[in-house]
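> With the input below, show me the fold.
(one chain, ligands or ions: 1)
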Amino acid sequence: MSGMSGVQAVTDLTSTPAAAPAAPVKAPATTDTGARTEAAAGVITDARARIDDLDGRIIGLVQERMAVSAVIQRERIGSGGRRVNLSREMEILEHYRGQLGRPGTALAMTLLELCRGRV
Ligand SMILES: C=C(O[C@@H]1C=C(C(=O)O)C=C[C@H]1O)C(=O)O
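Residues are numbered from 1 along each chain as shown. From the prediction side, this is the model:
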């Protein structure tokens with residue numbers, strides 16, 4: 001192709017086509033795991049199944065907690081007391097903070113919000 005202009009070179013159907021660009025060394029193994037190797041994708045997929053199972057059990061426990069809390073609140077309100085008992089809530093907040101640190105407090109507050117006011 002020597003002597004051709006750039007435009008002639010791309011439009012010249014008789015010339016040997018240029019080699020295709022090399023494939024990327026590592027294509028993403030799976031886009032949904034974010035892994036870059038099949039091995040890592042396998043580990044992540046298995047661990048995610050365990051997390052899904054744990055989350056299902058955690059949600060079941062939260063629902064069970066809500067039901068037990070409702071029994072207590074109903075009994076207290078029926079006896080003429082108040083729904084909320086702040087000293088007990090402080091104990092629970094402290095329990096979660098002691099076990100999980102500061103985010104534990106936020107988790108306990110969310111649990112108490114879910115459990116309160118449903119009777
Ligand atoms: C369940 C109770 O009633 C309310 C709900 C609480 C809870 O869900 O843990 C805690 C304190 C109360 O505000 C209780 O007094 O134990």
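> Which of the helices or strands spans the closest residue to Asn85 other than its chain neighbours?
Leaving aside its chain neighbours, Asn85 sits nearest to Arg76 (7.5 Å; criterion: CB to CB, 6 or more residues apart in numbering). Using the backbone N, CA and C atoms, a C-beta is placed for each residue, glycine as well. Arg76 belongs to helix 38-78 when assigned by DSSP states H and E.
> Any idea how far whichever helix or strand comes after that helix is from the middle of the chain?
Downstream of helix 38-78, the first helix or strand assigned by DSSP H and E is helix 86-100. Chain-centre distance of helix 86-100: 25 Å, with CA atoms, centre = their mean, to the nearest Å.
> Would you mind listing what in the chain touches the ligand?
Ser69, Ile72, Gln73, Val84, Asn85, Arg88, Glu89, Ile92, Leu112, Cys115, Arg116 (CB under 6 Å from any ligand atom).
> Between all of these, which two are at the greatest distance?
Using CB to CB, the residues of the chain next to the ligand span at most 13.9 Å, a distance reached by Gln73 and Ile92.
> Comparing the two, which shows the higher neighbour count?
Neighbour count, other CB atoms under 10 Å: between Gln73 and Ile92, Gln73 has more, with 20 against 15.
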